[in-house]
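> predicted model follows, preceded by the sequence.
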Amino acid sequence: MIIQNEYETTSHTRAVIYARFSPRPNAEGCQSNKQQIESCEAYAKKHGMRVCATFEERAISGKEIEKRDELWSALSMLEDNWVLLVWKFDRLARDGFLHYTIEREVLKRKARIISCSGEGCIEENLSPEENLKLGIIRLFSEYERRLISLRTKTALRRLSATDKRMSAVQHLRYGTKLHPKDPDRVVPCEHELRIIDIIMGLHDEGQSTRKIIKSLGLLGIGPRKAGKQWSPRTIDRIIAYQLSLREEQ
């Protein structure tokens, strides 16, 4: 949902407001989207910002990654020197990996995030455990940038010769998924590709399979099937396949 807003101001600072409330209406720190938006609008007016749009999501968990269409739409609007304005940083995410992804996208667009509650930077408002997770992820930021080109070139090879599924029982290689509108087609799964990047970064740092599994657990990253644990065999299979792709380059 997008609500267009404008303030009469001479300021060149443009803002995009984002609001979210949890599926648990009585959760600690929960505040209705209306209250969040009103607080952000008051902050913008006080500081001479021009609000270009407001995005809101209802009953969406802060740990949810896949179902955040309004958040990604808000991020896509940001331009140089724009501001992503939120009531509190935890409205964006309650997960270190997702915080990092959002922060990277905002920085890539040369914008910034402001909390109208007067919080400091995102890192100051995460728990020590979340900061540790964030630190581990940042260790591989440069590795991730180097890998983008390789990942783009080899994405189709991850699907074998074609994107057609050979049979209903064919195993879907990690990093792929069925096309949402055509179950006979196999397409890249961006969420799993990001996890593959982290696994390979840990591998390149010299971590053993078991240490990689421990690191993934610390990051709160589980395997494809919810509630399951990573198996050494699965990790070894992912690493072996990625190494084979590197050899082809």
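Yep, it's here.
> secondary structure element for Arg233, which one?
Arg233 belongs to helix 232-248 when assigned by DSSP states H and E.
> dump that helix to PDB, keeping only the CA atoms.
Taking Å, rounded to 0.1, in the frame of the first residue of the first chain, the C-alpha atoms of helix 232-248 are listed here in PDB:
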ATOM      1  CA  PRO A 232      27.600 -32.300   7.000                       C
ATOM      2  CA  ARG A 233      26.700 -34.100   3.800                       C
ATOM      3  CA  THR A 234      24.500 -31.300   2.500                       C
ATOM      4  CA  ILE A 235      27.200 -28.700   3.200                       C
ATOM      5  CA  ASP A 236      29.900 -30.800   1.600                       C
ATOM      6  CA  ARG A 237      27.700 -31.300  -1.500                       C
ATOM      7  CA  ILE A 238      27.100 -27.500  -1.800                       C
ATOM      8  CA  ILE A 239      30.800 -26.700  -1.500                       C
ATOM      9  CA  ALA A 240      31.800 -29.400  -4.000                       C
ATOM     10  CA  TYR A 241      29.400 -28.200  -6.600                       C
ATOM     11  CA  GLN A 242      30.400 -24.500  -6.100                       C
ATOM     12  CA  LEU A 243      34.100 -25.500  -6.400                       C
ATOM     13  CA  SER A 244      33.300 -27.400  -9.700                       C
ATOM     14  CA  LEU A 245      31.700 -24.200 -11.000                       C
ATOM     15  CA  ARG A 246      34.800 -22.200 -10.200                       C
ATOM     16  CA  GLU A 247      37.000 -24.600 -12.100                       C
ATOM     17  CA  GLU A 248      34.900 -24.100 -15.200                       C
END
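> in that helix, what counts as buried?
Along helix 232-248, the positions that meet the burial threshold by neighbour count (16 or more other C-beta atoms under 10 Å) are 234-235, 238-239, 242. (C-beta placed from N, C-alpha, C; glycine too.)
> and what of stretch 91-111?
Neighbour-count burial for stretch 91-111 [16+ other C-beta under 10 Å]: 91-103, 105-106, 109, 111.
> would you format the buried residues of helix 232-248 as TSV with distance to Ala53 and pLDDT included?
Formatted as TSV, the buried residues of helix 232-248 follow (distance: C-beta to C-beta, whole Å; pLDDT from 0 to 100):
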residue	distance to Ala53	pLDDT
Thr234	42	94
Ile235	42	95
Ile238	39	93
Ile239	43	93
Gln242	39	87
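> mind checking the SS state of the nearest residue to Leu216 once chain neighbours are set aside?
Closest residue to Leu216 apart from its sequence neighbours, by C-beta to C-beta, 6 or more residues apart in numbering: Trp230 at 5.9 Å. Assigned with DSSP: H, G, I helix; E, B strand; the rest coil, Trp230 falls in the coil class.
> list the contacts of Trp230.
Trp230 makes contacts with 213, 216-217, 222-223, as judged by C-beta atoms under 8 Å, 6 or more residues apart in numbering.
> rerun that using 7 Å as the cut-off
Each residue near Trp230 by C-beta atoms under 7 Å, 6 or more residues apart in numbering is listed here: 213, 216, 223.
> what of Lys228?
Going by C-beta under 7 Å, 6+ apart, Lys228 touches Gly222.
> ok, Glu192 - how many residues close by?
Residues lying near Glu192 (other C-beta atoms under 10 Å) number 19.
> let me know the pLDDT of it.
As predicted, Glu192 sits at a pLDDT of 88.
> cool, thanks, signing off.
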